[in-house]
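Student: next input, structure requested:
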Amino acid sequence: MTLHLHGVVRAAHPLPPAGGWAARKIVVDDLAVVVSSLADGRSLTDQDAIAHLAGLCDLVVTGPVLPLRFGTAAADENAAAAAVHALSVPALRGHLDRLDGLAEMHVHLAFDEDLALSAVFDGDQDRQAFDGGGTDLGAHIRQGELIAQRVVVWRRQRAEALLAPVAAQAREVASVAEQEHTEERRAFLVPLHQVETVRATVAGLGDAEGVTVTCTGPLPAFSFLNATVAPEPDRFSKTTSRWGW
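Tutor: Numbering: from 1, shown residues only. This is a model prediction of the structure:
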């Protein structure tokens, strides 16, 4: 039986009620690694990924969690404990202390493409530039790239303005890689007691013209753990989860 490693918590951290995530703790000094059993040779599924994230989200409600990359495994309890020691117990302890009482919230802004283009298209000047390109494909490509760059600048400036009230409630803010040129994703590290306030603030942003807003959280601090947490930095970077968090 292989152990699937989910995250590092304090030894006294309560586990969520038994449900779809049958997890237990392996104590390492004053810390613990949360694990579940995985039958030898069984491949992880999308349902395992969902359970992994859901379990971590349940854990963060009652204390700080340092998430491990989905699929991190150990042969047995000794190997799991050794993995925690390899990550440096003092460093892990320091990060748990820093994240105490905090959680990550994600905000995704999706801007209307037509609105974005109309905001950056410089009227007659741009039309003349496009018309002047004639049949020169290279010129049209360069002009299209220029408009795309303007959209990115406009999108980020618009996001900064819209998200200023959310940022004011956060301890830290991080950008999350967007998937489309009209999308902006931000992560906010906020006190747990302000999660609902942040959620309400984000909901109010939906009144803005030409933008669709979604909010996710509370989450473990995927985006706010720096590479010095471990000699294997990919375990604790914002790109290590299956979802790119």
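
Student: only C-alpha atoms for contact and neighbour calcs from this point on.
Tutor: Fine.

Student: residue ranges with poor pLDDT in this protein?
Tutor: 18-21, 116, 122-141, 143-144, 178-179, 226-245 (pLDDT under 70).

Student: buried stuff in the longest helix seen in it?
Tutor: The residue-count maximum for a helix in the chain (DSSP state H) belongs to helix 137-167. By neighbour count on 16 or more other Cα atoms under 10 Å, the buried set for helix 137-167 is 140, 143, 147-148, 150-152, 154-156, 158-159, 162-163, 166-167.

Student: check stretch 65-73 too.
Tutor: Quick answer for stretch 65-73 (16+ other Cα under 10 Å): 65-71, 73.

Student: what does it rub up against?
Tutor: 2-9, 44, 49, 52, 56, 59, 80, 92, 95-96, 220-222, 235-236, 240-242 (Cα atoms under 8 Å, 6 or more residues apart in numbering).

Student: swap in stretch 176-184?
Tutor: Outside stretch 176-184, the residues that touch it by Cα under 8 Å, 6+ apart are 108-113, 116, 148, 151-152, 155-156, 159, 185-187, 223, 245.

Student: for this structure, what spans make up the helices?
Tutor: According to DSSP H, the helices that the chain contains are 46-60, 77-86, 89-98, 113-120, 123-132, 137-167, 195-205.

Student: export the ones you listed as TSV, with columns for distance to residue 22.
Tutor: Below are the helices of the chain laid out as TSV (distance: least, Cα to Cα, whole Å):
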stretch	distance to residue 22
helix 46-60	9
helix 77-86	16
helix 89-98	23
helix 113-120	44
helix 123-132	60
helix 137-167	35
helix 195-205	27
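
Student: of these, give the one that comes closest to residue 31.
Tutor: Residue 31 sits nearest to helix 89-98 of all those, at 7.5 Å, using Cα to Cα.

Student: buried residues, that closest one. List them.
Tutor: 89, 92-93, 95-96.

Student: and for residue 85, nearest residue in space, chain neighbours not counted?
Tutor: The shortest distance from residue 85 to any non-neighbouring residue, by Cα to Cα, 6 or more residues apart in numbering, is to residue 28 (8.0 Å).

Student: now do that neighbour against residue 81, distance only.
Tutor: 6 Å (Cα to Cα, to the nearest Å).

Student: what's the neighbour count on residue 219?
Tutor: By other Cα atoms under 10 Å, 25 other residues sit near residue 219.

Student: contacting residues around it?
Tutor: 56-57, 60, 103-105.

Student: could you dump those residues to JSON lines with distance to residue 215 and neighbour count?
Tutor: Below are the contacts of residue 219 laid out as JSON lines (distance: Cα to Cα, whole Å; neighbours: other Cα atoms under 10 Å):
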{"residue": "56", "distance to residue 215": "17", "neighbour count": "25"}
{"residue": "57", "distance to residue 215": "14", "neighbour count": "20"}
{"residue": "60", "distance to residue 215": "17", "neighbour count": "26"}
{"residue": "103", "distance to residue 215": "13", "neighbour count": "28"}
{"residue": "104", "distance to residue 215": "11", "neighbour count": "26"}
{"residue": "105", "distance to residue 215": "7", "neighbour count": "24"}
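
Student: hang on, the earlier thing: burial count for the residue nearest to residue 85?
Tutor: Quick note: residue 28 (other Cα under 10 Å) scores 19 neighbours.

Student: what's the domain layout of this protein?
Tutor: Taking automatic domain parsing as the criterion, the chain consists of the domains 2-99, 103-220.

Student: quick check: end-to-end length of the shortest one?
Tutor: Start and end residues of domain 2-99 are separated by 30 Å (Cα to Cα).

Student: much appreciated, bye for now.
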